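[1] What follows is a predicted structure for the sequence shown.
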Amino acid sequence: ITQEVAHLVFAVFHLGGWDFHCCITPFSGRLAYSEAKTQLVDVFNTADIARTISVMNQVLGDCAYNLHDLFAEERHRIMHLLSAGTLTRLDQLYSQVYRDNYSVLLAFHRDQLAVPQELQVAAEIAIGQRVLSLLQRLEQDLGDSHESDEYAELHHSRMTVLGELDAIATEAQQFQCTLRIPQAKAIMEDLILRSLWQLLHAYNPATVKDEMYWIQTLIQVGDRLRLGIHLDRAQELYCQTLNKSSLADLLGEQETFDYSNRELSEHLARLSEFGRALNLAM
């Protein structure tokens, strides 16, 4: 805002966990910078924490900063980054425990015995991570091209992933897993909304049946996974678009298609029927 410009030299020493030691000083020239850098690298290589902090203060000034000196938003971002590695290792560990004890879990549920909490938690986390990974893959695919020469392959890929998610839903129900993955819920709702927008605002009669089937299956799989997805935004988009548009408006001036009134009526009926998939009374 003030448009002030300053050149600074800084060093950050990560001591582990949430502990950081940071020093900042005005830039006083390349020679001074090179000398300071050499001193800090040399002392860091000694693996002497106390001496490293002492040299940092000596070279860059006694005023030190840590995470608590940052704005909350930046502090939280760094905290998430620091946690990411640990969480990834934990996810891998839980997945391994789940795979190693799959038959044991199966036996507990088959004989209607109380499942050890540790094994149940491992199953829920491992299954949840697989769900999240597949949904992130779908999220990435949704931004891909919708050209006719690529659409069939893309649609097949999406439906294959949905088939995997449906199988995981069966697995989760078999082991009575409660999937608590808010990120997966948000991705699922966004996939439904974006797919519906694409259907209604880039209406293509050549692919409309596949697009509707994709969205309907997406909703059904979300229900089977018991993610608690909300369709209110999709319902609002659907109603607003059809209230403002006729099918001819949706089709636009597509000279490559020649539709009779009967074909137009079929498309309109299909769109109206599609409202039921969004839990709308049509």
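    Received the coordinates, thanks. Nothing here was measured: the structure is a model prediction, and the numbers come from that model. Numbering: from 1, shown residues only.
[2] Tell me where the stretch 101-250 of the chain has strands.
    Across the stretch 101-250 of the chain, reading from the start of the chain, there are no strands by DSSP state E, counting those that start in this stretch.
[3] Now do the helices in it.
    Shown for the stretch 101-250 of the chain, the helices assigned by DSSP state H, counting those that start in this stretch span residues 102-110, 117-141, 148-174, 182-201, 208-224, 232-244, 247-251.
[4] Tell me which residues of the third one come out buried.
    To tie it back to what came earlier, the one meant is helix 148-174. By neighbour count on 16 or more other C-beta atoms under 10 Å, the buried set for helix 148-174 is 151, 154-155, 158, 161-162, 164-165, 168-169, 172. Where you see a C-beta, it was placed from the backbone N, CA and C, and this is true even at glycine.
[5] chain center to that helix, what's the gap?
    In terms of C-alpha atoms, centre = their mean, to the nearest Å, the centre of helix 148-174 is set 17 Å apart from its chain centre.
[6] Kindly report the same for stretch 108-118.
    Taking C-alpha atoms, centre = their mean, one finds the center of stretch 108-118 at 32 Å from the center of the full chain.
[7] got the contact list for residue 157?
    Neighbour list for residue 157: residue 141 [criterion: C-beta atoms under 8 Å, 6 or more residues apart in numbering].
[8] How much space separates it from residue 58?
    The spacing between residue 157 and residue 58, counted by C-beta to C-beta, to the nearest Å, is 59 Å.
[9] show me the contacts for the spatially closest residue to residue 164 that is not a sequence neighbour.
    The shortest distance from residue 164 to any residue that is not its chain neighbour, by C-beta to C-beta, 6 or more residues apart in numbering, is 5.8 Å, and that residue is residue 134. Applying C-beta under 8 Å, 6+ apart, one finds that residue 134 lies in contact with 161, 164-165, 168.
[10] same question for the biggest helix by length in the chain, mean pLDDT?
    When the chain is parsed with DSSP state H, its longest helix is helix 72-100. On average, the pLDDT along helix 72-100 is 90.
[11] how distant is that helix from the center of its chain?
    Relative to the centre of its chain, helix 72-100 is centred 14 Å away, using C-alpha atoms, centre = their mean.
[12] which other helices and strands contact that helix?
    helix 117-141 (3 or more C-beta pairs under 8 Å, 6 or more residues apart in numbering; DSSP states H and E).
[13] hmm, back to that, can you redo the contacts of residue 134 as JSON lines with pLDDT?
    As requested, the contacts of residue 134 are arranged in JSON lines below (pLDDT from 0 to 100):
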{"residue": "161", "pLDDT": "94"}
{"residue": "164", "pLDDT": "96"}
{"residue": "165", "pLDDT": "96"}
{"residue": "168", "pLDDT": "96"}
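[14] Nearest to residue 211 among the residues you listed?
    Compare each of the contacts of residue 134 with residue 211 using C-beta to C-beta and the shortest gap goes to residue 161, at 15.7 Å.
[15] quick one: the closest one and residue 55, what's the gap?
    Remark: distance between residue 161 and residue 55 (C-beta to C-beta) = 53 Å.
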